[in-house]
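**Student:** Turn this into a model:
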Amino acid sequence: MNSSANKSNIRDEHTPTRLIREYSNGNSLALNELFELIYDELQRIAQQQRNRWNGHETLDACALIHESYLKISRNQPVHIESRSHFMALAAKAMRQILINNAEKNSAQKRGGNIPPIKIEDIDPETGCRTIDSLIDMDKTLNRLQKINSRQSRVFECRFFGGMTVEDTAFALKISPATVKRDWQAACNWIYKELNN
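**Tutor:** Numbers count the residues shown, from 1 in each chain. Okay, here's the model as predicted:
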């Protein structure tokens, strides 16, 4: 075997795709390696989540990643198809963790008027600003899930996962044009629901 083939095989041994395949085939240790390999990408997504809303002092980006790891490892998805599919699962885990923590904090501080969410608050670059608005958004997103599950998944990938249009399209096996339409429709629907 020549040296370039050896280098290629060595690289393949550490790719996210191989680790995802191993994890899907029952090797739980592959999840550890996968998280280590894509930690920087997960850190960026978690930091975006932390920057989107205020009012939560105890859950930092590092804790969000570690909680996501625990949630995914406990739930052990049956089959992960690709890196984008894995990132969509991580986005869902982060959403659930953020909502659980927000609900816990909200229960502790009950009361007060909650200002309505503005349309700019439903932007992947800005997002929710308070714990209460995050909880309201989650409830609204759950209602959207019952009406149009694809739009709900698109919103989850884009908003909570920080995924691009292309990554979302690949993860959900739809076209980028469909992602853009569903994203806009989901944002419009959520905005109307939150401001009624």
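
**Student:** Any idea how many residues pack against residue 141?
**Tutor:** Number of residues near residue 141 (other CB atoms under 10 Å) recorded here: 22. Where you see a C-beta, it was placed from the backbone N, CA and C, and this is true even at glycine.

**Student:** Pull up the gap between it and residue 60, please.
**Tutor:** Distance check for residue 141 against residue 60: by CB to CB, to the nearest Å, it reads 24 Å.

**Student:** got it, and residue 101?
**Tutor:** Following CB to CB, the distance that separates residue 101 from residue 60 is 11 Å.

**Student:** Looking at these two, which is more packed in?
**Tutor:** Comparing residue 101 with residue 60 by other CB under 10 Å, the one with more neighbours is residue 101, at 18 against 13.

**Student:** Quick one: name whatever helix or strand follows the helix or strand bottoming out on mean pLDDT in the chain.
**Tutor:** Confidence across the helices and strands of the chain bottoms out at helix 3-12, with a mean of 45, counting by mean pLDDT, DSSP states H and E. Proceeding N to C from helix 3-12, the next assigned helix or strand is helix 16-24, under DSSP states H and E.

**Student:** what's that next one packed up against?
**Tutor:** The elements that helix 16-24 packs onto, with contact taken as 3 or more CB pairs under 8 Å, 6 or more residues apart in numbering; DSSP states H and E, are helix 29-37, helix 83-109.

**Student:** next SSE after the shortest one?
**Tutor:** If you walk from helix 29-37 toward the C-terminus, the next helix or strand you reach (DSSP H and E) is helix 39-52.

**Student:** between that next one and helix 83-109, how many degrees?
**Tutor:** Taking axes from the mean of the first three to the mean of the last three CA atoms, to 10 degrees, one finds that helix 39-52 is oriented at 40 degrees with respect to helix 83-109.

**Student:** Figure out how far helix 39-52 is from the centre of its chain.
**Tutor:** A distance of 10 Å separates the centroid of the chain from that of helix 39-52, by CA atoms, centre = their mean, to the nearest Å.

**Student:** what's the answer for stretch 15-31, then?
**Tutor:** The chain centre lies 19 Å from the centre of stretch 15-31; the measure is CA atoms, centre = their mean.

**Student:** Pull out the buried residues from that stretch.
**Tutor:** Judged by neighbour count using 16 or more other CB atoms under 10 Å, the buried positions of stretch 15-31 are 16, 18-24, 30-31.

**Student:** Low-confidence bits of this structure, can you list those?
**Tutor:** Counting by pLDDT under 70, the chain contains low-confidence ranges at 1-14, 52-59, 77-78, 106-132.

**Student:** which one is the residue nearest to the spatial centre of it nearest to, not counting chain neighbours?
**Tutor:** Among the residues of the chain, the smallest C-alpha distance to the mean C-alpha position (CA atoms, centre = their mean) belongs to residue 91, namely 1.3 Å. Spatial nearest neighbour of residue 91, chain neighbours left out: residue 161 (2.5 Å); criterion: CB to CB, 6 or more residues apart in numbering.
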